[in-house]
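**Student:** Predicted model and sequence below, questions to follow.
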Amino acid sequence: MEIDDLKFEDIKSRAKKYYDDLNEIRCPYLGQEVHFGSAGFEHLLTKSWNRGRSRAEQYTRLRLVRLAVKVIENSHTLQEYDERKSFVRQKTNSRWEQHAKNVFYYVFIALFPDKGIRLKVVVKQIEGGLPFFWSIYPSWRIEKDGNGSDKKIFYSGNLEED
């Protein structure tokens, strides 16, 4: 999918402005606020530290930012959960260090039949910290297989990178 530079920069700046105006949204399932910090927006543009996403993937995620708020504020049920011990980059005494911490991922799925999409929203929480928005992506896409038939491709696997 080829995205015009002007179109991409427009959606990126509008998404950034909208995102920056968000502070926190109450999540009924978690019973607390989900924060919208720079890490979540940065993750829409990169898979992990120092590893970017394709322009098409960034564009898709940036277009969905507004729906993430709706999903979080209306989620009463958890669809996926993952907990793992990971090395987390944290700034300590003016330098970046890696610390082993428990990291929790809460995944909420929502259908928007009027838009024809099914979304996954990932909320991340690092041990000892507050939950924060981590990612949003369509939970499937259609591709043609070798025979020309439609085939659904599901985003799944590593919630840290999805």
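**Tutor:** Cool, got the structure.

**Student:** Going by C-alpha atoms from here, please, whenever you check contacts or count neighbours.
**Tutor:** Will do.

**Student:** sec struct for the residue nearest the centre of the chain, please.
**Tutor:** Nearest to the geometric centre of the chain sits Ser135, at 0.6 Å (Cα atoms, centre = their mean). Of the three states, Ser135 takes strand according to DSSP: H, G, I helix; E, B strand; the rest coil.

**Student:** surely it meets Val121?
**Tutor:** Yes: using Cα atoms under 8 Å, Ser135 is in contact with Val121, at 5.7 Å.

**Student:** Strands of this structure, start to end?
**Tutor:** For the chain, applying DSSP state E gives strands covering 24-27, 32-35, 46-48, 51-52, 80-92, 95-112, 117-126, 132-138, 140-144, 150-154.

**Student:** among the ones you listed, which gets the worst mean confidence?
**Tutor:** Mean pLDDT per stretch puts strand 150-154 lowest among those, at a mean of 60.

**Student:** can you tell me which helix in the chain is longest?
**Tutor:** helix 5-21 (DSSP state H).

**Student:** Please identify the buried residues of it?
**Tutor:** 8, 11-12, 15-16, 19 (16 or more other Cα atoms under 10 Å).

**Student:** which one of the residues you listed is nearest Ala100?
**Tutor:** For those, the minimum distance to Ala100 (Cα to Cα) is 29.0 Å, reached by Tyr19.

**Student:** and the gap between that closest one and Lys12?
**Tutor:** Counting by Cα to Cα, to the nearest Å, the gap from Tyr19 to Lys12 is 10 Å.

**Student:** Kindly report the same for Leu64.
**Tutor:** From Leu64 over to Lys12 the distance is 11 Å, taken as Cα to Cα.

**Student:** cool, and Gln90?
**Tutor:** 27 Å.

**Student:** give the contact list for Trp96.
**Tutor:** Neighbouring residues of Trp96 by Cα atoms under 8 Å, 6 or more residues apart in numbering: 89-90.

**Student:** now it, which residues is it bridged with?
**Tutor:** Beta-bridge pairing of Trp96, defined through DSSP bridges, involves Lys91.

**Student:** what does Leu119 give?
**Tutor:** Ala110, Pro138.

**Student:** can you pull the contacts of it?
**Tutor:** Leu119 makes contact with 109-111, 136-139, according to Cα under 8 Å, 6+ apart.

**Student:** And for Asp20?
**Tutor:** Going by Cα under 8 Å, 6+ apart, Asp20 touches Phe36.
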